[in-house]
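Visitor: what follows is a predicted structure for the sequence shown.
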Amino acid sequence: MPKSPFNAKELAEFRDLLLEKKTRIVKEIQLQVAEASQEKVEHTGDIADMATELLDRELNLSLSENEREILNEIDDALERIKSKQYGICVDTGELIAKARLKAIPEAKRTIAAQEKFDKLQRDKKKKLGAGSFKI
């Protein structure tokens, strides 16, 4: 596999971007946890209120899962920097555009490879979803 196209200074800049993003996400998660622990559910008996509260909690849980996934991707990117593989698509071995990495520093695929990966994931979910409701 080819080595990273970036010099030590550029890799340090990307590392800093990744660490800043990681810190921001961790703070957001900590804030969500603190808010959730301070909230007390008031059971007024109103089913609509309880349903709304449940939906809000599910949304927050979903956001937290997404944030955890991004944290894992950031950690993976930091490892790729250490191993001098940062900026190289994990699927194709092609170089990832510098502009893409500045926008999404944890990116591990070229835009084309990411689009192909996303399509495969959507197709997989459709197949799983279609079969799960058969009686």
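Guide: All right, it came through fine. Numbers count the residues shown, from 1 in each chain.

Visitor: dihedrals phi and psi, Ile88?
Guide: phi -110, psi 130 (degrees, to the nearest 10).

Visitor: that one bridge partners, please.
Guide: Leu95 (DSSP bridges).

Visitor: measure it to Lys3 for me?
Guide: 8 Å (C-beta to C-beta, to the nearest Å). C-beta coordinates here come from the backbone N, C-alpha and C atoms, glycine included.

Visitor: then Asn66?
Guide: On the measure of C-beta to C-beta, Asn66 and Lys3 end up 31 Å apart.

Visitor: equivalent analysis for Asp76, please.
Guide: 17 Å.

Visitor: ok, Lys116 next?
Guide: Applying C-beta to C-beta to Lys116 and Lys3 gives a distance of 24 Å.

Visitor: same question for Ala12.
Guide: Counting by C-beta to C-beta - Ala12 and Lys3 are separated by 16 Å.

Visitor: rewinding a little: Lys116 and Lys3 - which one has more neighbours?
Guide: Taking neighbours as other C-beta atoms under 10 Å, Lys116 and Lys3 compare with Lys116 leading, 14 against 11.

Visitor: measure that one to Leu18 for me?
Guide: 24 Å.

Visitor: please apply the same query to Ile74.
Guide: 5 Å.

Visitor: low-confidence ranges, the protein, go.
Guide: 1, 36-45, 49-50, 52, 54-63, 130-135 (pLDDT under 70).

Visitor: hmm, try it at 50
Guide: 41-43, 135 (pLDDT under 50).

Visitor: please enumerate the helices of it.
Guide: 8-38, 47-82, 98-103, 111-131 (DSSP state H).

Visitor: got those as CSV, with distance to Thr92 columns?
Guide: Shown next, in CSV, are the helices of the chain (distance: least, C-beta to C-beta, whole Å):
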stretch, distance to Thr92
helix 8-38, 20
helix 47-82, 15
helix 98-103, 14
helix 111-131, 5
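
Visitor: show the contacting residues for the residue most central in space within the chain.
Guide: Against the mean C-alpha coordinate of the chain, by C-alpha atoms, centre = their mean, the closest residue is Ile70 at 2.6 Å. Counting by C-beta atoms under 8 Å, 6 or more residues apart in numbering, Ile70 touches 21, 25, 106.
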